[in-house]
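> predicted coordinates and the sequence they were generated for:
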Amino acid sequence: ALPDYGRGRIEWDLDTELGVANAMVGDLPLRFQADMDLELDGDGRLFGSRRLGPDENAFCAFTWSDEARLPGQAGEAARQIYETGQAWRRWLERGKFPDHRWRGELQRSALTLKGLMYAPSGGMVAALTTSLPETPGGERNWDYRYSWLRDAALTVEAVIGTKHASLAEPWRAWLLRSIAGDPEDLQVVYRVDGARHLAEQELDGLAGYA
């Protein structure tokens, strides 16, 4: 079930025959597909269930992109997951990691750093988290899915150290676009698409880390 994120209740258009539910949240298209019995409760929340026997599988998939191709059955879902894993493994194989006891940890770290890059723009976010306070119960519950120049530069440097220097070029292009006009008027942080305007807002409907 998807909670209310301050945008009002999500109005799902449910097709029980296909096991597909569609909705629009602003200009964001949501699509949920599963091989289970989907229903809407009285509050408009989407849920589903299915009883599985021995050696049976089920799947559910969710996207917010018109371009994503969702699987139609569990076998296809498993294949897509496998192909995704293989693509990441091939990326690791093209890198250079020292052959010692921490090799696996370095590879996992490299995958995480690559995941911080927003492919459409080349921007590098500081973290994939929001509402994690500096101290439990503190007021500093901020969204870190923005690009700090210092953090991003250190991240790119670390990735280059694994011989994946090609990842540096998209970030360099993002940087040049972000500071275009007045290179000396640098900001500490930018949006992941390179925009300078960062209007702070509070989302009281979110519980944050709790």
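Thanks, I have it. All of these numbers come straight from a predicted model, not from anything done at the bench.
> partners of Gly123 in the sheet?
For Gly123, the beta-bridge partners are Tyr118 (DSSP bridges).
> helices along this protein, start to end?
74-93, 103-115, 149-160, 168-178 (DSSP state H).
> what average pLDDT does the third one get?
It refers to helix 149-160. Averaging pLDDT along helix 149-160 gives 87.
> how much space between the nearest residue to Gln187 once chain neighbours are set aside and Asp151?
Leaving out its chain neighbours, the residue that sits closest to Gln187 by Cβ to Cβ, 6 or more residues apart in numbering is Arg196, at 6.0 Å. Glycine gets a C-beta too; all of them are placed from N, C-alpha and C. Applying Cβ to Cβ, to the nearest Å, the value for Arg196 to Asp151 is 17 Å.
> so those two - more neighbours on which side?
When Arg196 and Asp151 are compared for neighbours, Asp151 comes out ahead with 18 against 12, by other Cβ atoms under 10 Å.
> what sits against that one?
Met124, Ala126 (Cβ atoms under 8 Å, 6 or more residues apart in numbering).
> Ala110 is in contact with Val159, correct?
Yes - if you go by Cβ atoms under 8 Å, Val159 and Ala110 touch, sitting 6.6 Å apart.
> and these two? Which one has more around it.
Val159 (23 against 20).
> any idea how far that one lies from Gly205?
From Val159 over to Gly205 (counting by Cβ to Cβ), the distance is 36 Å.
> now swap in Leu40 and tell me
Counting by Cβ to Cβ, the gap from Leu40 to Gly205 is 21 Å.
> which of the two has more neighbours?
For the pair Leu40 and Gly205, the greater number of neighbours falls to Leu40 (15 against 10), based on other Cβ under 10 Å.
> ok, what's across the strand from the more buried one?
Here Leu40, judged by DSSP bridges, has bridge partners Leu46.
> buried residues, stretch 91-99. List them.
Neighbour counts over stretch 91-99 (16 or more other Cβ atoms under 10 Å) mark Leu92, Gly95, Phe97 as buried.
> pLDDT below threshold where in the protein?
1-8, 183, 206-210 (pLDDT under 70).
> which residue is nearest the centroid of it?
Relative to the mean C-alpha position of the chain, the nearest C-alpha, by Cα atoms, centre = their mean, is the one of Leu128, at 7.0 Å.
> next up, the contacts around that one.
Gly115, Leu116, Tyr144, Arg145.
> go again using 7 Å as the cut-off
Leu116, Arg145 (Cβ atoms under 7 Å, 6 or more residues apart in numbering).
> got it, and Ala195?
By Cβ under 7 Å, 6+ apart, Ala195 has no neighbours at all.
> from Leu40, how far out is it?
Between Ala195 and Leu40 the computed distance is 36 Å (Cβ to Cβ).
> cool, and Glu139?
From Glu139 to Leu40 the distance is 37 Å (Cβ to Cβ).
> ok, now Phe59?
Phe59 is 20 Å from Leu40, by Cβ to Cβ.
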